[in-house]
Structure formats: C-alpha cells, structure tokens
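Novice: build me a model from this:
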Amino acid sequence: MPKRLWDSDMKKKDVTFTIGLAVLMGVIWCIGELVMGLWIAVVPKTHIFWFAFIVIVTLAVSIWHSMIEDKSDLEDPKRAKYERKTKKRRK
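Specialist: Take a look at the predicted model:
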C-alpha cells in the first residue's frame, strides 16, 4: 500500500515549509514571466533560464532547510515548557 504524505516521517512544520516554498516560488516564477512578457523584451531562451533558476533556488532552499538540525528534537519537552514559563516571569 503506498504511503501518503501525512503517513511519512516528515513533521507537520516540514510539510508546511515545503508546500509554502513551492507556492512562493511558483508566485515568483509567475511574476517574473509576467514582467518578461509585458515590460521587458527578452529572447525566448531567457524564459528557460528563468525557469531553471527558480527550480535550482527552490531545491537549494529545500535542501538547506532539511539539513538544519531541529533543536526541538534534542531537548526535553518538559524542560522547554519550564524554560518558557520561567522566562515570562523573569521579564
């Protein structure tokens, strides 16, 4: 039986980041295409380079995000809750 996206080992915030990144890069790509189509005269190959640039940047940001060590996995949830509560009192 195929695994669904929500059955994988990804955390909710990672899925949210990935979907948000894809939407953001899609919007940036569309804006770039509109600008190149309406206001800036470019050769047709520029559209291919623009698309490749967007894909490469998206992949780079996604890989960078996946390599960041999530500190919430390393700390005790009870200790983190205690720290948040005492930090509020100290202020």
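Novice: so where is the protein shaky, pLDDT-wise?
Specialist: The model of the chain has pLDDT under 70 over residues 1-10, 69-75, 90-91.
Novice: let's see 50
Specialist: Residue ranges of the chain with pLDDT under 50: 1.
Novice: where do the helices of it begin and end?
Specialist: Taking DSSP state H as the criterion, the chain carries its helices at 12-38, 45-67, 77-90.
Novice: want to try CSV for the ones you listed, with mean neighbour count as columns?
Specialist: Just so you know, the C-beta spots here come from the backbone N, C-alpha and C atoms, and that holds for glycine as well. Shown next, in CSV, are these (neighbours: other Cβ atoms under 10 Å):
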stretch, mean neighbour count
helix 12-38, 13
helix 45-67, 12
helix 77-90, 9
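Novice: hey, C-alpha coordinates of stretch 20-33 in CSV?
Specialist: This file holds the C-alpha atoms of stretch 20-33, laid out as CSV (Å, rounded to 0.1, in the frame of the first residue of the first chain):
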residue,chain,number,x,y,z
GLY,A,20,4.8,27.1,1.3
LEU,A,21,8.2,27.2,-0.5
ALA,A,22,6.6,25.6,-3.6
VAL,A,23,3.8,28.2,-3.6
LEU,A,24,6.1,31.1,-3.0
MET,A,25,8.5,30.0,-5.8
GLY,A,26,5.5,29.5,-8.2
VAL,A,27,4.3,33.0,-7.5
ILE,A,28,7.8,34.4,-8.0
TRP,A,29,8.1,32.5,-11.3
CYS,A,30,4.7,33.8,-12.5
ILE,A,31,5.6,37.4,-11.6
GLY,A,32,8.9,37.0,-13.5
GLU,A,33,7.2,35.6,-16.5
